[in-house]
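S.K.: Give me coordinates for this.
(chains A and B)
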Amino acid sequence: MIAATFNANSIRNRLDVILGWMTENRPDMLCIQETKCQDKDFPADAIREAGYHCAFLGQKTFNGVALISPHELEGVVKGTGDGSLDTEARFISARAGDVLFVNTYIPQGQMKGTPKFETKLRFLDFMYEYFSSLDMDDKIIWCGDFNIALTDMDVYDPDLYRGGVGFCEEEQSRLEKIMSLGLTDTFRKLNPSEEKAYTFWDYRMNCFRANHGWRIDYIMASRPLAACLSASRVDKEPRKREKPSDHTFLISEFDHKLQ
DNA sequence: ATGGCCAATTTTATTGGA
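M.R.: Next up is the predicted model:
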């Protein structure tokens, strides 16, 4: 089983890249964030014509999440079910075979002391409650743009950003608490000391050229899937292209056949 | 020079991203 995640920064602008990448990499599930379009504008027809199933939850201009898979999607859930968190399109889940895929675009948080930062922490608190209610011995993949870097390895200048939004204790401790329920950071498990492995580079200041990035996108796996994790890598190639997203694809592979 | 880009909408500016 292959799982992948990608913050597209507009699915309409990135559709060709996404479909090409799907053909090349054959994931069982691609989790997309920042689709940035309303459901009526989502390119579902083109995705289905390419041979994939999809589910999506969007809104005008901002946010938006989607699942794309060669497998049929079952039990699609759109939104957290917590009304105060569902004013923005940031959560979608579905089963493909015997695996539950959860795709989240966690709020960026803007600045400490703002309502947006409080919403980010509340979203993380919700995810703790959500996974607490599941059996983590089931096969679960939690993908997305989490907007949190966990360690000094995960941001190009830790001393510059330490304590700031995206790299502070309030966020990191909450994500670690969720992981303690039985979720493994698949990339870090297989690359325990690889530095400069990022999934996001700001468009500004030549960040990509300078490799000034952040690792803020994740594929988390529950116990039975973490036990059969066989590969995980960042694919930097799409970030080098013309008109790229500011994020790139993360992909993890498991010795498990969807049933 | 403490900022440079990009996408969508409110479009020839503004907002948000992280």
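
S.K.: drop to CA atoms for contacts and neighbour counts, all remaining ones
M.R.: Noted.

S.K.: Surely residue A:144 touches residue A:8?
M.R.: No - the criterion here is CA atoms under 8 Å, and residue A:144 misses it with residue A:8 at 11.1 Å.

S.K.: Common neighbours of those two, please.
M.R.: Contact with both residue A:144 and residue A:8 is made by residues A:32-33, according to CA atoms under 8 Å, 6 or more residues apart in numbering.

S.K.: And the two? Which one has more around it.
M.R.: More neighbours surround residue A:144 than the other of residue A:144 and residue A:8, with 28 against 25 (other CA atoms under 10 Å).

S.K.: how about the nearest residue to the residue of the stretch 51-200 of chain A found nearest DNA strand B, chain neighbours excluded?
M.R.: Nearest residue of the stretch 51-200 of chain A to DNA strand B (CA to the nearest atom of the strand) works out as residue A:61 at 3.8 Å. Nearest residue to residue A:61, sequence neighbours excluded (CA to CA, 6 or more residues apart in numbering): residue A:36, at 4.9 Å.

S.K.: That neighbour: neighbour count?
M.R.: Neighbourhood size, residue A:36 [other CA under 10 Å]: 24.

S.K.: Quickly find the element holding it.
M.R.: Under DSSP states H and E, no helix or strand contains residue A:36.

S.K.: what separates it from DNA strand B, distance-wise?
M.R.: Relative to DNA strand B, residue A:36 is positioned 5 Å away (CA to the nearest atom of the strand, to the nearest Å).

S.K.: ok, that residue - contacts?
M.R.: The contact partners of residue A:36, taken as CA under 8 Å, 6+ apart, are A:9-11, A:58-64.

S.K.: and with 10 Å instead?
M.R.: Shown in contact with residue A:36 (CA atoms under 10 Å, 6 or more residues apart in numbering): A:8-13, A:42, A:57-65, A:89.

S.K.: For residue A:110, grab phi and psi.
M.R.: Backbone geometry at residue A:110, expressed as degrees, to the nearest 10, gives phi 60, psi -80.

S.K.: ranges for the strands of the stretch 51-200 of chain A?
M.R.: With DSSP state E, counting those that start in this stretch as the definition, the stretch 51-200 of chain A shows strands at residue ranges A:53-57, A:65-69, A:74-78, A:91-96, A:99-105, A:140-145, A:183-185, A:200-201.
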